[in-house]
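# What follows is a predicted structure for the sequence shown.
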Amino acid sequence: MLDIWGIAAILAKLMLYIGLAGSVGLVIIRTAFADLVSPVSDRIRTREALFAAFALVAAILGFMLRGAALTGGADGMTDPEMLGLLWQTPVGDVLVYRVAGTVLIIIGVFTPLVGQWIALAGGVIALWSFTQIGHVPELETTGVRLLLLLHLLGIAFWIGILGPLRTLSRRPEHLTSAATLGHRFGQAASLIVPGLILAGLLMAWLLLGDLRALVVTGYGQTLLIKLVLVGAVLTLAAANKLRFVPAMQAGDDNAARHLARSIEIETAVILVVLAATATLTSVLTLPS
Amino acid sequence: MKKLATLALVSTLATGAFAHSRVDTTTPENGAVIADVPTEISFNFAADIRLTRVDMTHQDHPSVRLDLGDQTSFDRVFTLPLQGMGEGTYRIEWRGLGVDGHAMQGAFTFTVD
């Protein structure tokens, strides 16, 4: 049954996903494509810190909302007994990973030289939190935890490219950088995305057990919606890679504008995918 | 300090996740019709849980919070004294925390007739 605390928990989780995917993704992109994103490097660093701060707030809010779920009222959000109880469970460990991870990202942003490695380590720590609690960790297999971590890093990489690539595409003076960035991301994605899909499908199969559960259970149906949306994002990404990026490489300004627009649509669909995931991992129980 | 140790050993893989706990049986049973108001109610869970809140609603009266007493640890069986309010339908709503950190909630009703 979904009460107000259940809905609030989904929203807090969605905030956490956006904050973490955004910050970790930008850290990865700034590390992987440093030369190409250098014109917007300062902007990226600011965004990394802002997304990390957003994730930090979401992590703390999510923890407090769990307190509210224990008492059924807002008083639980600040009830020392309830929060103390949660602190002793894996929920407490997860909060530590997320707070430490996001704080490291913020520290990394403002640290010269080795900063991006500190931020990267923070990102991995924060993402690792997802392997500690939830449906996938309940499978109690180390391999699956690592699979989930790789899945999350792949998603962060994908989400991280959206902002910088859009910004560069909208500036005619950076058309060459944008085209090269789009091209090199496309090359990396052609390796990473199939892995991402395979990891996702494997985890789905481990969680669901059989194909029938995909259709007859609420969990399966939401997962199916997520898969359809992911398919839509992949179609957009394929259009970007095969059509707009090659045209940009040939010096077509219009293609850059189309790419920027396509990225905006892609971002909107990804937000819905994240919302579906937050629902899957928060309130829907696995088919038994 | 446990948390700091966990953090330092970030590469160490944690084990021991627990399945969600479910309420197995309650006394009185859900939907039971009984002759006398029980002096206590009890829960029997499938796995350890820490009850955090239990409310009783009798007919149209506002709900009353039941005292958990000293039952503030993780356990499978909980028995709470019940202040009877005469005939009618009682609804017991509970909330609790599983050892895996999941919040749980549920309800059962019984009728005194």
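It's in. Numbers count the residues shown, from 1 in each chain, chains lettered A, B, ... in the order given.

# what does stretch A:37-54 contact?
Contacts to stretch A:37-54, defined as CB atoms under 8 Å, 6 or more residues apart in numbering or on different chains, come from residues A:15, A:18-20, A:22-23, A:26-27, A:29-30, A:34, A:102-103, A:105-106, A:108-110, A:119, A:122, A:163-164, A:167-168, A:171, A:174, A:177, A:181. Just so you know, the C-beta spots here come from the backbone N, C-alpha and C atoms, and that holds for glycine as well.

# which of the residues you listed count as buried?
A:15, A:18-20, A:22-23, A:26-27, A:29-30, A:102-103, A:105-106, A:108-109, A:119, A:122, A:163-164, A:167-168, A:174, A:177, A:181 (16 or more other CB atoms under 10 Å in any protein chain shown).

# From the contacts of stretch A:37-54, which land in helices?
Using DSSP state H, the subset of the contacts of stretch A:37-54 located in helices is A:15, A:18-20, A:22-23, A:26-27, A:29-30, A:34, A:102-103, A:105-106, A:108-109, A:119, A:122, A:163-164, A:167-168, A:177, A:181.

# Report how many residues lie close to residue 40.
Picking chain A for this. 19 (other CB atoms under 10 Å in any protein chain shown).

# could you do chain B instead?
Residues lying near B:Glu40 (other CB under 10 Å) number 9.

# With A:Tyr219 instead?
21.

# Adjacent strands (with direction) for the longest strand belonging to chain B?
Ordering each strand of chain B by length in residues (DSSP state E) puts strand B:40-58 first. Using DSSP bridges, strand B:40-58 pairs in its sheet with strand B:23-27 (antiparallel), strand B:64-65 (antiparallel), strand B:75-81 (antiparallel), strand B:88-98 (antiparallel).

# so which of the buried ones among the contacts of stretch A:37-54 also contact chain B?
Among those, not one lies near chain B by CB under 8 Å from any CB of the partner chain.

# hmm, who's touching the lowest-mean-pLDDT helix or strand in chain A?
Each helix and strand of chain A was given a mean pLDDT (mean pLDDT, DSSP states H and E); the minimum falls on helix A:212-216 at a mean of 82. For helix A:212-216, the external contacting residues (CB under 8 Å, 6+ apart) are A:204, A:208, A:219-221, A:223-224, A:287.

# helices or strands next to the helix or strand just after that helix in the packing?
Next helix or strand after helix A:212-216 toward the C-terminus (DSSP states H and E): helix A:218-239. Judged by 3 or more CB pairs under 8 Å, 6 or more residues apart in numbering or on different chains; DSSP states H and E, the packing partners of helix A:218-239 are helix A:175-208, helix A:212-216, helix A:253-282.

# what about chain B, any weak spots by pLDDT?
Along chain B, segments meeting pLDDT under 70 span B:1-23.

# let's see it at 90
Residue ranges of chain B with pLDDT under 90: B:1-25, B:27, B:45-48, B:59-60, B:67-73, B:83-86, B:98-107, B:113.

# To B:Val54, which of the helices and strands packed on helix A:218-239 lies closest?
Set against B:Val54 and scored by CB to CB, the helices and strands packed on helix A:218-239 come closest in helix A:253-282, at 23.9 Å.

# Is that closest one in proximity to chain B?
No. Applying CB under 8 Å from any CB, one finds helix A:253-282 separated from chain B by no less than 10.4 Å.

# what's the offset of that helix from the middle of its chain?
Between the centre of helix A:253-282 and the centre of its chain there are 12 Å (CA atoms, centre = their mean, to the nearest Å).

# How about stretch A:85-103?
Centroid separation for stretch A:85-103 versus its chain: 18 Å, with CA atoms, centre = their mean.

# Provide the contact partners of it at residue level.
The contact list for stretch A:85-103 (CB under 8 Å, 6+ apart) reads A:16, A:19-20, A:23, A:52-53, A:55-56, A:59-60, A:63, A:66-67, A:70, A:122-129, A:132-133, B:3, B:6-7, B:10, B:14, B:17, B:50, B:52, B:97-101.
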